[in-house]
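A.B. asks: show me the folded form of this:
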Amino acid sequence: MKFTKPAWVMHKDSSMRGESKRLSIFSVHVHPDGSRIATGGLDAKVRIWSTKPMLNEASERSGRPPKSLCTLTMHTGPVLVVRWAHSGRWLASGSDDEIVMIWDLDPTAKGRVWGSDEVNVEGWKPLKRLPGHESDVTDIAWSPEDRYLATAGLDSQVLIWCGYTLERLHKIDQHQGFVKGVCWDPVGEFLATGSDDRSVRIWRTTDWSLEAEVRKPFEHSPGTFFRRLSWSPDGAHITASNATNNEGYVFIAAVISRSTWTSEISLVGHENTVEVAAYNPHIFLRDSSQPVVAANICSVVALGADDRAVSIWQTKSARPLIVAKEVFERQIMDLSWSQDGLTLYAVSSDGTLAVFNFDTDELEGIAPQSAQEQYLKKFGFVPPPLPTGFSHQVPQSSRMTPPPSPSRAQTQTEFGATVNGTDGEQVNKLVAKRKNKKRIQPTLMPSSVPSAAVPSASTAPSSFAGPVAYAGASGGVGAARAFGEVPSASASLPPPPSARPPSSHAHAISPLTSAPFGTTTSSFGDEDVEMFPLDKDTEVRISSLDTSMQGGAKGKRRAEMNDGLVSAKPRTLGGDRVREAVPVKEIVTGSGGGVGGGLGLFSGEPSLISRLPVPSVLTYLKATIEGTEDVFEGRNPEEDGAVEVLFASGGKQTQWLDYLPSPILALAATPMFCAVAMQDGSVNVYSHTGRRLMPTLSIGSACSSLNASRHFLMLLSCTGLLYVWNVKKQCAAFPPVSVSAILGSSPNCTIISTTVRPNGAPVIQLSNGVAHSYDTTLATWIKLTEVWWAEGSDAWQGRQRTTQFASRGVLSALESSINEHTPPADDAEKVRPTWWNAALTLGHLEARLHAAKVLDSPPEYKQTLLLYAKKIADEGFRAKAEELIRELFGPVYWRPGRDEGWSPATLGMSKRDLLKDVLAVFARSKTLAKLALDWQDMLKRAANGE
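C.D. replies: Numbers count the residues shown, from 1 in each chain. This is a model prediction of the structure:
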């Protein structure tokens, strides 16, 4: 096996100047012909890359074919998933912008990407925009033969589209949590979905009704970014990610059997949550000399986890074939196998891609695609007929030859074309003519070339020595508690990009060695076999097509203009200064004898002031911009010198600086602005380019804490006044308010933490076990949550493990923090009234509903609403149920624009859609079923306008 990490595969921040910063890559998928991959990332772009330079060093050095083929820029939010259709004709992408895009090949759309220096070697146009989801689109899957397209999202819905007409056919909305994974049965009979409601559900494709629901392995599963699951190519199993054993303490991938829909097999060994599972598209034979029958079939599945490891398993063995540890610096987001079953691609949120390239001897028993097709016929499932007049066969005249396929066998190398080496087509061949040493001028020469001329490359060397991992079994297949140590992928990892010379090979393909994990090797082993002999006419790299060339000069006129010119770096304030490391020390100032930095400008309650200490003056302070490596720094001199703040991109290069009249106490930074609070009670707010966005704010006293989120800046002064400003609108969110009302007079009550929400709501947690916010509508402080609820509420989240609630929202995190700082009293012996638990649970859930509104947390609001509905149904409180129903239903004859006194939505969610979910809970109750049925009928009539 050979492992490589091409450094040039990256999604970069287009706003960065100079050195590009890697952004997270959320998805990767290989084209059916293996010639290209698509990736989706945090930059809201879909990027298409050639695979040949990843697998062949000579191809990478020559720049033929070009590494980057196309950049697609129609999405307005991070691209979370990309999936090629099985035909290879279309590409589907799903994004944070709630939209699914279908892309089609467009031979006329080549050229420079608008607004950047990138060049599209081939063109892909947006064929259709598929709206319908109400939140992030997290996963996409094409059914066998592209009959259907399934999309899943954080709106808890799965939408089914026709794979030919792209019309929406059905909506599945029975999940009670975010849907984060979807896959099709290779037979075409079922669809499987994985959700944060801790279930995997299987749906029949004949009528889209529920076939089965699997919950047992997911009862204690923590929250993760994705729950990507995969169906084995023989149709026998689903491997689902994010499952656990031993009440959540052992992370596994659950293998669910077809027909029984039970999970008796677990793949154990990862040290953190499994994020994605991906089956090799080929079936494998236990004994190649025996026929293709169920007893002789096994599968290969790859797992990617939050422990930064990739493991590959064969279902005939209880041990993994291979485990590659520490392949990435952060969790793995997606995996994809090439159609020939010999190359695995993996991407991570650290913004890198890894390639695992196997030899046929290493994955022994691989069966041809025809064997799988023949085997699946035994299920006897007949798919529905295709829409009249539609086909995914692409006319010959509309095809464009992709770069040569790196497939090892005679597989499909083009969109609809087979490898026969006889059918030719007209293409434009670029031949470089060298005029002088300064530039290369490309000229177009039409020529006819074969549609595919790809020799076999199955002779690539390998040092893979079989499954050398061993772990003791303790209860059947896959019961190993830990992976054994096997040849480490980290042993052959290249140095970071910053340590490489600019002209060096970007990734160096090398076989895995038998050295232990974490060790290094002194050589890269055997040389690569030439997988794709280069045409002599293409050995000279054509600079105008090299997307890594800065400036992207194109054509003769542009090249002549650039001759002899040196591009000047944009000048910035302090950008030419070398950054120096500053040790962090506390500075004892002569004027800082009193609270507030010795200003003497204010008077306040001594009991309050003593509980709001001023931060120490340090020589160095830093705030990192969320989602980037950019830093906002403050530096106080120990003796005579200038107080300064500076902004550094990537934590390396100074972009700008400013000098201040007073020592710095605190810094805050968001992707929108930076702020600094000084000892003299002044506050400066800057943009990321160093412009002052607001006048210098004079608070009159030193700050006790400074926080920022999105467009909002919050400051708590040492006199107890709380300020919140909307920097974008340059106004105060509300007049300054004193925290004395919540701190009280007891000197033992102090502030543990202060934060501000993206909507401007302050969150202040006290040592007495209460968290407060200020409600501008009510013009008063409100309690968000308190330790009191822990004494009897069944919904109290604080006692649960951190990994289970960390991703659920601000309220769950607050309750956990309260539980840590203020453990509830142990009142196990205390006698409680009869209705104690019911009263506290209902009160707690009602308080959470109000708090979720104030903090603008829609997922927690919906989750709490459903828990509240279930508690009401369990207790049979009909009056509460009716009041809740009427509140969500609103006026019976309400129409948009008719009655402005009632709002049809809360936190961006339709109240009547929420009511639909609440009524589904009530309908399962013995006491409220009739009430639910009546209102469900009313809801249907209202939706139909009756």
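
A.B. asks: just the C-alphas of stretch 776-796, formatted as PDB.
C.D. replies: Output in PDB follows, covering the C-alpha atoms of stretch 776-796 (Å, rounded to 0.1, in the frame of the first residue of the first chain):
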ATOM      1  CA  THR A 776     -34.400  43.700  26.600                       C
ATOM      2  CA  THR A 777     -38.100  43.200  25.900                       C
ATOM      3  CA  LEU A 778     -38.900  42.800  29.600                       C
ATOM      4  CA  ALA A 779     -36.100  45.200  30.600                       C
ATOM      5  CA  THR A 780     -35.100  43.000  33.500                       C
ATOM      6  CA  TRP A 781     -32.700  40.200  34.400                       C
ATOM      7  CA  ILE A 782     -34.000  36.700  33.900                       C
ATOM      8  CA  LYS A 783     -32.800  33.300  35.200                       C
ATOM      9  CA  LEU A 784     -31.700  31.000  32.300                       C
ATOM     10  CA  THR A 785     -31.200  28.000  34.500                       C
ATOM     11  CA  GLU A 786     -30.200  27.200  38.100                       C
ATOM     12  CA  VAL A 787     -29.000  24.300  40.300                       C
ATOM     13  CA  TRP A 788     -32.400  24.200  41.900                       C
ATOM     14  CA  TRP A 789     -33.800  22.100  39.000                       C
ATOM     15  CA  ALA A 790     -31.200  19.400  39.700                       C
ATOM     16  CA  GLU A 791     -33.000  18.500  42.900                       C
ATOM     17  CA  GLY A 792     -35.900  16.900  41.100                       C
ATOM     18  CA  SER A 793     -36.100  17.600  37.300                       C
ATOM     19  CA  ASP A 794     -35.800  14.500  35.100                       C
ATOM     20  CA  ALA A 795     -34.600  16.700  32.300                       C
ATOM     21  CA  TRP A 796     -31.500  18.200  34.100                       C
END
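
A.B. asks: in it, which residues are buried?
C.D. replies: 781-782, 784-790, 792-793, 795-796 (16 or more other C-beta atoms under 10 Å). Just so you know, the C-beta spots here come from the backbone N, C-alpha and C atoms, and that holds for glycine as well.

A.B. asks: which residue ranges form the helices in the stretch 751-900 of the chain?
C.D. replies: Using DSSP state H, counting those that start in this stretch, the helices of the stretch 751-900 of the chain run over 802-805, 810-821, 836-854, 858-875, 878-889.

A.B. asks: check the stretch 251-400 of the chain too.
C.D. replies: 369-376.

A.B. asks: where does pLDDT dip in it?
C.D. replies: 391-400 (pLDDT under 70).

A.B. asks: residues in contact with the spatially closest residue to Ala44 that is not a sequence neighbour?
C.D. replies: Spatial nearest neighbour of Ala44, chain neighbours left out: His75 (4.8 Å); criterion: C-beta to C-beta, 6 or more residues apart in numbering. Counting by C-beta atoms under 8 Å, 6 or more residues apart in numbering, His75 touches 44-46, 93, 95-97, 99, 101.

A.B. asks: try it again with 7 Å
C.D. replies: 44, 93, 95, 97, 99, 101 (C-beta atoms under 7 Å, 6 or more residues apart in numbering).

A.B. asks: go on, His11?
C.D. replies: Neighbours of His11 in contact, by C-beta under 7 Å, 6+ apart: 23, 25, 39, 41-43, 45, 47, 351.

A.B. asks: among those, which ones are buried?
C.D. replies: Applying 16+ other C-beta under 10 Å to the contacts of His11 flags 23, 25, 39, 41-43, 45, 47, 351 as buried.

A.B. asks: still on that earlier bit, out of the contacts of His11, which is nearest to Pro859?
C.D. replies: Nearest to Pro859, judged by C-beta to C-beta, of the contacts of His11 is Leu42 at 20.6 Å.

A.B. asks: so how far is Asp350 from that closest one?
C.D. replies: 11 Å (C-beta to C-beta, to the nearest Å).

A.B. asks: and stretch 836-853, C-alpha only, in CSV?
C.D. replies: Taking Å, rounded to 0.1, in the frame of the first residue of the first chain, the C-alpha atoms of stretch 836-853 are listed here in CSV:
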residue,chain,number,x,y,z
TRP,A,836,-42.2,16.8,43.4
ASN,A,837,-40.5,15.3,40.3
ALA,A,838,-43.4,16.2,37.9
ALA,A,839,-43.6,19.8,39.1
LEU,A,840,-39.8,20.4,38.9
THR,A,841,-39.5,18.7,35.5
LEU,A,842,-42.3,20.7,34.0
GLY,A,843,-41.0,23.9,35.5
HIS,A,844,-37.5,23.2,34.3
LEU,A,845,-38.7,22.5,30.8
GLU,A,846,-40.9,25.7,30.7
ALA,A,847,-37.9,27.7,31.9
ARG,A,848,-35.7,26.2,29.2
LEU,A,849,-38.2,27.1,26.5
HIS,A,850,-38.1,30.8,27.5
ALA,A,851,-34.3,30.7,27.9
ALA,A,852,-33.9,29.1,24.4
LYS,A,853,-35.9,32.0,23.0
